[in-house]
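Engineer: Okay, structure incoming, though there's no sequence with it:
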């Protein structure tokens, strides 16, 4: 089967992309201290129009990061605070009766925005989670039998707190698979934490101050078009498929002590995510072609929510990240 012809971005395209990306990155860095990997993950999400799942304990700037990203783009932003009593209609929209018109009218929900922040998604019920994830996949909502497209570009950033268990509804494996990447946030260094205080004293985080957008939606769409045309060599496509295949057949490639701890491997969505995310990583690095290092760079973020470990793994001190690292070591790099 032949590979579709793609027109690689030229030098002028790459210079334009660098200018736009740098503007967004600088705007983000002005509001979020450290968290370099988080910034890269969110940029990859924007470039690929893929959704992001953020996991971390409270206070690690998950919500701040989503707001900082949305502030840099002249699009619509919506924040949805998930609670157990949140209904699908609260997110998607519903019909209400307009007495002045003596008719039912459609009121679109907050999901009809360019960037949607789902704060603490694991606090909403399974029914509401399913409705949101369906909107993410179909990129439209259906209200009273009428389809309403969601504006493009469309990016959902969902956060979840792994500490609290009471009043939560954990996402199922099939649901988390719909997120392009999953980022796990770490505590900041003492120096970064001190910088947060200095910026607070300087008024950087004053919510009354309006932050002007640095790029337009048309520029964002142009970046997404360039990302899709980044060259991915067929050899690297096979490298990606081999990485995913190893997660499904661990007995054939991984050490026995690791292989026995894997219950389920990654789905075909992982292969697609690898291709999309590695193209975006290459563009962020200023290249119009993917290198093996781009694939390896995004591997943890692509696979950490798609490899399901047995319960014995926790007792053995084995994490999904360590399994991903073992998978990378087991496949020869082209």
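Structural biologist: Looks like it arrived, so ask away. Please read all numbers here as calculations on a predicted model, not as lab measurements. Numbering: from 1, shown residues only.

Engineer: what residues are up against residue 129?
Structural biologist: 121, 169, 171, 175 (Cβ atoms under 8 Å, 6 or more residues apart in numbering). Where C-beta positions appear, they are placed from N, C-alpha and C, glycine not excepted.

Engineer: so what's residue 249 up against?
Structural biologist: Taking Cβ under 8 Å, 6+ apart, one finds residue 265 in contact with residue 249.

Engineer: Ignore what I typed, I meant residue 261.
Structural biologist: 309-310, 312-313, 316, 318, 323.

Engineer: Tell me which two in the residues you listed are the farthest apart.
Structural biologist: The span of the contacts of residue 261, defined through Cβ to Cβ, is set by 312 and 323 at 12.8 Å.

Engineer: who's more crowded, those two?
Structural biologist: residue 323 (23 against 11; other Cβ atoms under 10 Å).

Engineer: Is that one in contact with residue 309, as I believe?
Structural biologist: Yes. Using Cβ atoms under 8 Å, residue 323 makes contact with residue 309 at a distance of 6.9 Å.

Engineer: can you pick the most crowded of the contacts of residue 129?
Structural biologist: Top of the contacts of residue 129 by neighbour number is residue 121, holding 28 neighbours under the definition other Cβ under 10 Å.

Engineer: Quick check on it: phi, psi?
Structural biologist: When read as degrees, to the nearest 10, the backbone of residue 121 gives phi -60, psi -30.

Engineer: Could you single out the nearest of the contacts of residue 129 to residue 258?
Structural biologist: The closest of the contacts of residue 129, once distances to residue 258 are taken by Cβ to Cβ, is residue 171, at 24.9 Å.

Engineer: if I look at that closest one, how far off is residue 316?
Structural biologist: 24 Å (Cβ to Cβ, to the nearest Å).

Engineer: Sketch out the low-pLDDT regions of the protein for me.
Structural biologist: Applying pLDDT under 70 to the chain picks out residues 1-5, 164-168, 205-211.

Engineer: Spatially central, which residue of it would that be?
Structural biologist: Centroid check for the chain by Cα atoms, centre = their mean gives residue 52 as the closest residue, at 1.7 Å.

Engineer: That one contacts residue 176, doesn't it?
Structural biologist: No. If you go by Cβ under 8 Å, residue 52 and residue 176 don't touch, sitting 11.5 Å apart.

Engineer: shared neighbours of these two, which are they?
Structural biologist: Contacts common to residue 52 and residue 176, judged by Cβ under 8 Å, 6+ apart, are residue 182.

Engineer: what about the residue lying closest to residue 274 once chain neighbours are set aside, helix or strand, and which?
Structural biologist: Closest residue in space to residue 274, ignoring its immediate chain neighbours: residue 240 at 4.4 Å, by Cβ to Cβ, 6 or more residues apart in numbering. If you go by DSSP states H and E, residue 240 is part of helix 234-248.
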